[in-house]
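J.: give me a model of this one.
(one chain, ligands or ions: 1)
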Amino acid sequence: MAARRLCAAGFQVAVVEKCSGAGGRLSTVPLGSGLADSGAQFFTVRTLEFRREVDSWLAEGLVYEWSRGWSDGSLLVSPDDGFPRYAAKGGFSALAGRLAKQLDIHCSTRLSSISYVNGEWRALTESGDAWRSRAVIITPPVPQSLRLLEDGEVCLPENERVTLRSIRYAPCLCGLFLIDGRSRLPRPGALQRPGEAISWVSDNDAKGISPGARVLTVHASPVASDERWASDDAAVLRWMYGEIAPWIDTGTGLIASRLERWQYAVPVDIYPDRCFPSAHKGLLVFAGDAFDGPRVEGAALSGWAAAEAVIARL
Ligand SMILES: Cc1cc2nc3c(=O)[nH]c(=O)nc-3n(C[C@H](O)[C@H](O)[C@H](O)COP(=O)(O)OP(=O)(O)OC[C@H]3O[C@@H](n4cnc5c(N)ncnc54)[C@H](O)[C@@H]3O)c2cc1C
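T.: Take a look at the predicted model:
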């Protein structure tokens, strides 16, 4: 979102991404013949700015309204609270890929450090390539951003280090299960139980992103994820599959499963403004969902705010 706004304002922008595609925690992964959103499951709209953007995505057919409420685990019809939740056509990775299409994006490129040398930023990749720039917007989860700067020997003011180190995230263990039967999740195919060890279960076939292949996405709560983080994948998957038995038809077989580990899933202690421009003499702005909004909308608004902060200074 930051890069799109900067490009629209006429700046030359390179986006550097360690994964094979754009999106980060907007992530859709294959399992057997199916697909599943493994990170963000849906998004909401609370501000007018994001409303306008989402309306354009709706008009383009990139996203659709999935639901207006979730089952709390009951097999009865899900309640309608009148508040739309949106999903992306083909999964969230498809939306991210579409938004990144016009950008100069370098995927499968992991940065190892960011340094400030002779009045310019240098972002160094693991394979030894380097980008030079007048400004950096840094958007990984904040502990990872701070590590990149430390490895580049960038010295942030002490008060900034303290503030940024106080941003904390909760982990999430995410199990994906391809089954040969039907899920019993009531329409539109998901349940949400924030206080329980299994906090989310969704059926990606019912959601519309995995037609004909029933892949379930299962999220463990922050506490349950923390407790089981050290367990091996097979043990976590066994536990999860046992827990979701009430929402799967009896006699259903398990075809395949995989575990995704999100160490920095959602920020729990956030910074109260939409971005964090550093007082470092080089132009450096921290952004992402830890800045004023621990969800998809917050990350988008943060990206725009960071772009505006850069535009104002260049
Ligand atoms: C399991 C889970 C469930 C969620 N559910 C919801 C939900 O239902 N609704 C909702 O609104 N939000 C949800 N969220 C939160 C939402 O996904 C995030 O708030 C949002 O996607 C964060 O976007 P971001 O751009 O700030 O960070 P990220 O998406 O994390 O982007 C950071 C990017 O930096 C890249 N990166 C990191 N280090 C490097 C490096 N060294 N070199 C190059 N690239 C690097 C990463 O690969 C990543 O692409 C969920 C998140 C998770 C994990």
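
J.: these two touch, right, residue 218 and residue 199?
T.: No - using Cβ atoms under 8 Å, residue 218 is not in contact with residue 199, being 9.1 Å away. Bear in mind the C-beta positions are built from the backbone N, C-alpha and C, glycine included.

J.: the more surrounded of those two?
T.: Remark: of residue 218 and residue 199, residue 218 carries more neighbours, 24 against 19, as counted by other Cβ atoms under 10 Å.

J.: secondary structure element holding the more buried one?
T.: Taking DSSP states H and E as the definition, residue 218 sits inside strand 214-220.

J.: what's the answer for residue 261, then?
T.: Per DSSP H and E: strand 254-269 holds residue 261.

J.: got it, and residue 173?
T.: strand 168-179.

J.: same for the strand holding residue 218, what does it pack against?
T.: Applying 3 or more Cβ pairs under 8 Å, 6 or more residues apart in numbering; DSSP states H and E, we find strand 214-220 packed against strand 34-37, strand 168-179, strand 198-203, helix 204-207, helix 233-243.

J.: try 6 Å
T.: With contacts taken as 3 or more Cβ pairs under 6 Å, 6 or more residues apart in numbering; DSSP states H and E, strand 214-220 sits against strand 34-37, strand 168-179, strand 198-203.

J.: show the average pLDDT along it.
T.: Mean pLDDT, computed over strand 214-220, is 98.

J.: could you report the neighbour count for residue 73?
T.: 15.

J.: can you confirm whether whichever helix or strand comes after the strand holding residue 261 lies near the ligand?
T.: Going down the chain from strand 254-269, the next helix or strand is strand 276-277, by DSSP H and E. No - between strand 276-277 and the ligand, judged by Cβ under 6 Å from any ligand atom, nothing touches; the nearest distance is 12.5 Å.

J.: before we move on, what about stretch 181-198?
T.: No - contact of stretch 181-198 with the ligand (Cβ under 6 Å from any ligand atom) is absent, the minimum separation being 8.8 Å.

J.: and for that stretch, what's in contact with it?
T.: 66-67, 70-73, 75, 77-78, 199-203, 206-207, 221, 224, 243, 247-249, 252 (Cβ atoms under 6 Å, 6 or more residues apart in numbering).

J.: try 8 Å
T.: 41, 66-67, 70-78, 199-203, 205-207, 214, 216, 218-221, 223-224, 240, 243-244, 246-249, 251-253 (Cβ atoms under 8 Å, 6 or more residues apart in numbering).

J.: got the CA positions of that stretch in PDB?
T.: Output in PDB follows, covering the C-alpha atoms of stretch 181-198 (Å, rounded to 0.1, in the frame of the first residue of the first chain):
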ATOM      1  CA  GLY A 181     -16.000 -35.700   3.700                       C
ATOM      2  CA  ARG A 182     -18.000 -32.700   4.700                       C
ATOM      3  CA  SER A 183     -17.500 -30.200   7.400                       C
ATOM      4  CA  ARG A 184     -20.500 -29.500   9.700                       C
ATOM      5  CA  LEU A 185     -19.700 -25.800  10.000                       C
ATOM      6  CA  PRO A 186     -22.800 -23.800   9.500                       C
ATOM      7  CA  ARG A 187     -23.000 -21.300   6.600                       C
ATOM      8  CA  PRO A 188     -20.900 -19.400   5.600                       C
ATOM      9  CA  GLY A 189     -18.400 -22.100   6.800                       C
ATOM     10  CA  ALA A 190     -16.500 -20.700   9.800                       C
ATOM     11  CA  LEU A 191     -16.600 -20.500  13.500                       C
ATOM     12  CA  GLN A 192     -14.800 -18.000  15.800                       C
ATOM     13  CA  ARG A 193     -14.300 -18.600  19.500                       C
ATOM     14  CA  PRO A 194     -11.700 -16.100  20.800                       C
ATOM     15  CA  GLY A 195     -11.600 -17.500  24.400                       C
ATOM     16  CA  GLU A 196     -11.000 -21.200  23.400                       C
ATOM     17  CA  ALA A 197      -7.800 -23.100  22.500                       C
ATOM     18  CA  ILE A 198      -9.100 -23.600  19.000                       C
END
